[in-house]
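Undergrad: Pasting a predicted model and its sequence here:
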Amino acid sequence: MNRIPYPDPEKLSAAKRAYLDNPELRVLNIARISMHAPDPVWRATVDLALAVVTGTITDDWLREVIVLRVASLSNSGYELHHHLSMSRAVGLSDAEVEGLRSGDFAALSPRDRLVAQFTTEVVRDVDPTDETVKAMREQFTDEHIFEILGIIGSYMNAARVAAIARIENDDIAIKSWDEEREGGG
């Protein structure tokens with residue numbers, strides 16, 4: 001049971017009610033609980049969440065590497081519920097998934113290992129080491145690094161919202177953002 005109840009739809013703004021009533025959207029529990037935020041904060045959160053899954057140069061595989069690491073470090077059962085299935089849908093192996101969950105990155109490619117380490121340092125330490133930032137700058141453009149930071153931050157926020165409210169997992173885990181956008185979720 002949630003620690004914080006979902007907001008009463010009748011008391012929500014017109015924009016939030018329109019979002020809830022959109023027949024082409026499956027409104028996830030994280031989106032429903034986030035409607036407690038004032039409209040400008042809620043809208044910005046929705047826009048960031050959409051941007052990090054639809055408007056990035058980061059491919060689906062690398063995004064799942066990032067998200068699984070954030071979810072694991074954040075002990076977010078809610079995020080793991082969705083992203084374990086999504087990571088498998090993009091092709092991550094059981095060994096890669098387990099490594100991202102445990103912090104043993106041996107099964108990952110060098111690029112994925114670097115991004116998992118960077119994500120770990122950002123989530124756990126806030127300030128990654130100079131060595132890690134240098135390696136990231138050798139592998140990625142500064143624009144891509146800041147996009148990765150946006151992905152990390154968005155999922156850190158979602159993990160914390162889910163934890164504070166103690167929302168329950170959705171009935172069906174997302175397997176693909178493309179399926180969700182096409183109404184197949």
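TA: Here it is on my side, so go on.
Undergrad: how about the helices in this structure?
TA: Along the chain, counting by DSSP state H, helices occupy 14-21, 29-33, 39-54, 60-73, 77-89, 94-102, 110-120, 130-139, 142-165, 177-181.
Undergrad: Which pLDDT does the model give residue 35?
TA: Looking at residue 35, its pLDDT is 95.
Undergrad: if I look at it, how far off is residue 154?
TA: 17 Å (Cβ to Cβ, to the nearest Å). For the C-beta atoms, the positions are set from N, CA and C on the backbone; glycine is no exception.
Undergrad: got it, and residue 104?
TA: For residue 104, the distance to residue 154 - Cβ to Cβ - is 25 Å.
Undergrad: So those two - more neighbours on which side?
TA: Neighbours were counted for residue 104 and for residue 154 using other Cβ atoms under 10 Å; residue 154 has more, 20 against 12.
Undergrad: Now do the contacts for the nearest residue to residue 15 once chain neighbours are set aside.
TA: Excluding its sequence neighbours, the residue lying closest to residue 15 (Cβ to Cβ, 6 or more residues apart in numbering) is residue 39, at 6.2 Å. Residues counted as contacts of residue 39 (Cβ atoms under 8 Å, 6 or more residues apart in numbering) are 13, 15, 16.
Undergrad: looking at it, the second one is touching residue 38, isn't it?
TA: So that's residue 15. No - look at residue 15 against residue 38 with Cβ atoms under 8 Å: they stay out of range, at 11.4 Å.
Undergrad: of those two, who's got more company?
TA: Using other Cβ under 10 Å as the criterion, residue 15 and residue 38 rank with residue 15 on top: 13 against 8.
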